[in-house]
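Colleague: kindly return the folded structure for what I paste below:
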Amino acid sequence: MALLLPRISRTSLLRLFLRRLSTTTTTTTNTHLDNPTPHTPSHHSAPLLPKPLYPRTRTPLEKQFETWLQHLKPGFTQSDVDDALRAQTDPDIALDIFRWTAQQRLYKHNHVTYLTMIEIAVSGKRYRVAETLIEEVVAGACPASLPLFNTMIKFCCGRKFLFSRAFDIYKKMQKSENAKPNLETYALLLSSLLRKFDKLNVCYVYLHAVRSLSKQMKASGIIPDTFVLNMIIKAYSKCLEVDEAIRVFREMGLYGCEPDAYTYSYMTKGLCEKGRVKQGLEYYREMRGKGLVPKSSTCMILVCSLAMERRFQDAIETTYDMLGNSMSPDFLTYKTLLEEMCRNGKGDEAFKLLEYFRKRDTLMNEKIYSSLLNGLHFSSKDH
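Modeller: Have a look, this model is predicted:
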């Protein structure tokens, strides 16, 4: 039958047969290689390789670590470990020493060594290490200490996702006998809260915490300073709780604190934003009477509020005061004052005032001047 097939077909069948034969042979060979027959080694087998004559070279960091371990003599104390940690320039070596000493018999870290190690970790930007150490302290790894706990709160307040952990540490301090919260503790917590007072609707969420901290501080007998009272006043003013801000302002004398430029600025801004412009102006004048200079943002809010209340003379005097103290009103402040004057029949005076501002304000460029001038022309046509 094979003779009846054409030549091409016979050739194809032959190639297929040879390919199958080759595949079978290769498979069999591989099987023998994968599963060799076990045999007893003879005296002709290759000898084992000799061990290297020289050990691995130690790195400079390893040498430095071992050198400091030699300095720590048997029976070392927490003071010895603290000195060793502070002498390190590499935070990783300091951590290795800290962990190695913790594993030695008859030794346990105290609040001093934990404080030093946390400070080294934070300054060396080993934030995960600092978080781990803080969790160990909270779990009771060492006795409580006021400097240690305040350092932990400071670190947590600076990290957004550890904000709530700072208040957990504060609660632990309240229950402690040797680490009760002090003025620095409340200053750190209040400062952390105020950083969240960006929007009005968010302010009310955290205002309760500010009020609670203020009450607890007073109940514990801690006398606040101007810095802490300013933060409380700022919180109330941001939330437009101006009556509470005025109450705290009047209490400052009871604590022997003197209001500064920040105090008056918070009061002026809060009262103006609340619509009590007359009271805001009184605080501003009291501040200027003491020779204190507010921030430009306070002056601009006061100028706009006075202009909206049609108290143009007071607004103009405040603007003069700004320029006299090297502060430049922004475009919106100028626009509000000048256009409100035009709407109330004082167009000619507004044009003269604009020319005066142009001469006095070195930051008023041609673009701002042209925009203000066009706005005055537009407003004067309607009136």
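Colleague: next one: stretch 178-195 to chain centre, how far?
Modeller: 16 Å (C-alpha atoms, centre = their mean, to the nearest Å).
Colleague: from residue 221, how far out is residue 211?
Modeller: Distance from residue 211 to residue 221, counting by C-beta to C-beta, to the nearest Å: 18 Å. From N, CA and C alone the C-beta is placed, and that goes for glycine too.
Colleague: show me which of the two is the more surrounded one.
Modeller: residue 211 (15 against 6; other C-beta atoms under 10 Å).
Colleague: what's the first helix or strand after the host helix or strand of the more buried one?
Modeller: Assessed by DSSP states H and E, residue 211 sits inside helix 200-219. Sequence order places helix 226-238 as the next helix or strand after helix 200-219, per DSSP H and E.
Colleague: list the buried ones in that next one?
Modeller: 226, 228-238 (16 or more other C-beta atoms under 10 Å).
Colleague: then stretch 317-335?
Modeller: For stretch 317-335, by 16+ other C-beta under 10 Å, it's 318-319, 321-323, 327-329, 333-335.
Colleague: neighbours of residue 119, just the number please.
Modeller: Residue 119 has 18 nearby residues by other C-beta under 10 Å.
Colleague: residue contacts, the residue positioned nearest the centre of the chain?
Modeller: Nearest to the geometric centre of the chain sits residue 158, at 4.0 Å (C-alpha atoms, centre = their mean). By C-beta atoms under 8 Å, 6 or more residues apart in numbering, no residues touch residue 158.
Colleague: if I look at it, how far off is residue 152?
Modeller: Distance of residue 158 to residue 152, given as C-beta to C-beta: 11 Å.
Colleague: ok, residue 113 next?
Modeller: 14 Å.
Colleague: who's more crowded, those two?
Modeller: Legend: neighbour count by other C-beta under 10 Å for residue 113 and residue 152, higher for residue 152 (29 against 23).
Colleague: ramachandran angles for the residue nearest to the centre of the chain?
Modeller: phi -80, psi -10 (degrees, to the nearest 10).
Colleague: just the one 10 residues further on next, same as before
Modeller: The main-chain torsion angles of residue 168 are listed as degrees, to the nearest 10 and equal phi -60, psi -40.
Colleague: ok, and the closest non-adjacent residue to it?
Modeller: residue 138 (7.1 Å; C-beta to C-beta, 6 or more residues apart in numbering).
Colleague: count of neighbours near that neighbour?
Modeller: 14.
Colleague: excluding covalently adjacent residues, which one is nearest to residue 337?
Modeller: Closest to residue 337 by C-beta to C-beta, 6+ apart is residue 307, at 4.6 Å.
Colleague: so that neighbour is in which element?
Modeller: Short version, using DSSP H and E: residue 307 is in helix 296-308.
Colleague: try residue 92
Modeller: Here residue 92, judged by DSSP H and E, is contained in helix 91-102.
Colleague: how about residue 116?
Modeller: helix 111-123.
Colleague: for the helix or strand just after that helix, buried residues please.
Modeller: Next in sequence after helix 111-123, counting helices and strands by DSSP H and E, comes helix 127-138. The neighbour-count check on helix 127-138 (16+ other C-beta under 10 Å) flags 129-131, 133-134, 136-137 as buried.
Colleague: over the very next helix or strand once past helix 127-138, what's the mean pLDDT, rounded is fine.
Modeller: Per DSSP H and E, helix 127-138 leads on to helix 146-157 as the next helix or strand towards the C-terminus. Averaging pLDDT along helix 146-157 gives 97.
Colleague: gap between helix 146-157 and the chain center?
Modeller: On C-alpha atoms, centre = their mean, the centre of helix 146-157 falls 14 Å from that of its chain.
Colleague: alpha carbons of that helix, as CSV, please.
Modeller: Below are the C-alpha coordinates for helix 146-157, written out as CSV (Å, rounded to 0.1, in the frame of the first residue of the first chain):
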residue,chain,number,x,y,z
LEU,A,146,6.2,64.6,82.0
PRO,A,147,9.0,65.5,79.5
LEU,A,148,8.6,62.1,77.8
PHE,A,149,4.8,62.4,77.5
ASN,A,150,5.0,66.0,76.2
THR,A,151,7.5,64.9,73.6
MET,A,152,5.2,62.1,72.5
ILE,A,153,2.3,64.5,72.3
LYS,A,154,4.3,67.0,70.3
PHE,A,155,5.3,64.3,67.8
CYS,A,156,1.7,63.0,67.5
CYS,A,157,0.3,66.5,67.0
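Colleague: list the buried residues of it.
Modeller: 146, 148-157.
Colleague: tilt between it and helix 127-138?
Modeller: Orientation of helix 146-157 against helix 127-138 (axes from the mean of the first three to the mean of the last three C-alpha atoms, to 10 degrees) gives an angle of 130 degrees.
Colleague: pLDDT weak spots in the chain?
Modeller: For the chain, applying pLDDT under 70 flags the ranges 1-61, 63-64, 200, 380-383.
Colleague: and for the residue lying closest to residue 304 once chain neighbours are set aside, the neighbour number?
Modeller: Once flanking residues are discounted, residue 304 sits nearest to residue 336: 4.7 Å by C-beta to C-beta, 6+ apart. Residue 336 has 19 neighbours, counted by other C-beta under 10 Å.
Colleague: ok, residues contacting the helix or strand where residue 336 lies?
Modeller: Residue 336 is part of helix 331-343 when elements are defined by DSSP H and E. By C-beta under 8 Å, 6+ apart, the surrounding residues in contact with helix 331-343 are 300, 303-304, 307-308, 310, 312, 315-316, 319, 347, 349-350, 353-354, 357, 364, 368, 371-372, 375-376, 379-380, 382-383.
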